[in-house]
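**Student:** no FASTA, just this:
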């Protein structure tokens, strides 16, 4: 009774996996470095939790970052953080696995290790077990936390993780030391051991060299699953007792993206495109809804409407779900290929809001970022939406994009106003008091493995000025304007392009009280600023500086399958305002074909 939402910490939900620890050879704890409400909405946890527990010799449990009230209880009563299934301390597990979804979760990782009473730095954990590993998109540049991690999985985990666990089983059975375990693990394609790479810096803070040790590859190549239809499909898994961010059945339509938006890291690191068959998607979703009782299902991808079988799939799903009143959610829709046919399917049960992401208000800037959405396509989609009876629409944009001008900022307000006007022109019975056009505006963050990885982020003062300019350009209450806090965006940019010198900053900030940095009520920017100052590290060196094209990048020893030459070509085309066709229109030789296939339906 001393904590809010105790359902976050009790475990034993319907669908959770209970085993006798005496019957298993390896114990794994999947740690999501944010609170239960977020982690239980993460599809990747469901997949890996089911995959590992499918092995009778492994017991995979879960742990999450506690809310501060629960952290206080744990510390006041000297209770170590524990796995939800068994209640055993994390220190009793063989492998502790973190997923790196978001740069501002790094202090949560340190807090979880500290609450588990484990040393924070990998060099101080002398024994082979517990082994601290990471996976997820931020592994593509996890250098800021490399000193805290024993090894990482670069790429997709469904095939590489069982291979790694087999090595861990043998290491445990034969009592290997930590060095031997890591040397055997790194032989697996996709495994990155940070301590096996020496980084030397120039006097100006740039990287002079990254040198592999112990005969490891000069570059770590990511792992991918080539055939998603043969990929392990998990059971529904634990169904939360409490309301979480996304209480719904979900599965992937495909991985990768054909589009090539120049700001989008996911669109590059998940290449090549691999689709699932519609029958596979249908069966997974229907089964999960039946077993779990969820009242909503979601089709997950980077660009849902690019799925080649979207309409036939929707036909089958709605035929199965209409009678049960199960809602269908389609995130990641595109303006340029949305249709009334798709709209009819997603609104068959109830009308939830529709969201589109033009990203930029002007055509010029959309060409720069390769977001190939025209004014005509935007108008056509608005007409379809409002003719379909919708009275609300969410539009996502970014500010601070490369080459952006004040005219581009004002164009965001004009685009939203165009949506308002189109509602009154096309709705069958327009009711002004119901209309709401919501625009969400985030700050551009240069990310590794994108054509904009060399671009510096706008200064805090400039972003704030642009946010105010946009606010003053909105002339109607029918438009709701929300924007991201610049301080968190600044820190995210620092970590996104950071190197190993940031580990001391992160630990200092954590020791001084930083955690849950992604939550506004707990974010302590002043503490972070003090940590950077104390450690003598300049935030602008990582966030605001334009990186030289000939510099060694902190992440250059990691290979996600797209060549540096392609990123540079796209960077120069962006500065010229020249667009690049999508993968199904024309192959532009990004390098993803190194995996043996790319583009539509796995064609050569």
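**Tutor:** All right, it came through fine. None of these values were measured; they are calculated from a predicted model.
**Student:** need the contact list for the residue positioned nearest the centre of the chain.
**Tutor:** Nearest residue to the geometric centre of the chain (C-alpha atoms, centre = their mean): residue 101, 4.4 Å. By C-beta atoms under 8 Å, 6 or more residues apart in numbering, the contact set of residue 101 is 33, 34, 42, 136, 137, 138. All C-beta spots, glycine's among them, are computed from the backbone N, C-alpha and C.
**Student:** Would you map the helices across the stretch 351-500 of the chain?
**Tutor:** Along the stretch 351-500 of the chain, counting by DSSP state H, counting those that start in this stretch, helices occupy 363-368, 375-387, 406-426, 460-473, 486-496.
**Student:** Could you take these and lay them out as CSV, with extra columns for distance to residue 170 and mean pLDDT?
**Tutor:** As requested, the helices of the stretch 351-500 of the chain are exported to CSV (distance: least, C-beta to C-beta, whole Å; pLDDT from 0 to 100):
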stretch, distance to residue 170, mean pLDDT
helix 363-368, 52, 98
helix 375-387, 55, 93
helix 406-426, 56, 96
helix 460-473, 51, 97
helix 486-496, 35, 97
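**Student:** Those helices into CSV, with extra columns for mean neighbour count and distance to residue 211?
**Tutor:** Converted to CSV, these look like this (neighbours: other C-beta atoms under 10 Å; distance: least, C-beta to C-beta, whole Å):
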stretch, mean neighbour count, distance to residue 211
helix 363-368, 21, 37
helix 375-387, 18, 49
helix 406-426, 19, 43
helix 460-473, 16, 36
helix 486-496, 23, 24
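**Student:** Residue 174: which of those is closest?
**Tutor:** Nearest of the helices of the stretch 351-500 of the chain to residue 174, taken as C-beta to C-beta: helix 486-496 at 37.7 Å.
**Student:** Which strands or helices does the closest one pack on?
**Tutor:** strand 436-443, helix 460-473, helix 525-535, helix 539-543 (3 or more C-beta pairs under 8 Å, 6 or more residues apart in numbering; DSSP states H and E).
**Student:** For that helix, which outside residues touch it?
**Tutor:** 102-104, 106, 141, 144, 442-443, 445-448, 457, 460, 463-464, 467, 502, 517-518, 520, 523, 525, 528, 539, 542-544.
**Student:** centre of the chain versus it, how much separation?
**Tutor:** The chain centre lies 15 Å from the centre of helix 486-496; the measure is C-alpha atoms, centre = their mean, to the nearest Å.
**Student:** Who are the packing partners of the following helix or strand past that helix?
**Tutor:** Next along the chain after helix 486-496, taking DSSP states H and E as the criterion, comes helix 503-511. Identification of packing neighbours for helix 503-511 by 3+ C-beta pairs under 8 Å, 6+ apart yields helix 106-115, helix 525-535.
**Student:** so which of the helices of the stretch 351-500 of the chain comes closest to residue 316?
**Tutor:** Closest to residue 316 of those is helix 375-387 (C-beta to C-beta; 22.2 Å).
**Student:** report the angle between the axes of that closest one and strand 436-443?
**Tutor:** Angle, helix 375-387 to strand 436-443, by axes from the mean of the first three to the mean of the last three C-alpha atoms, to 10 degrees: 140 degrees.
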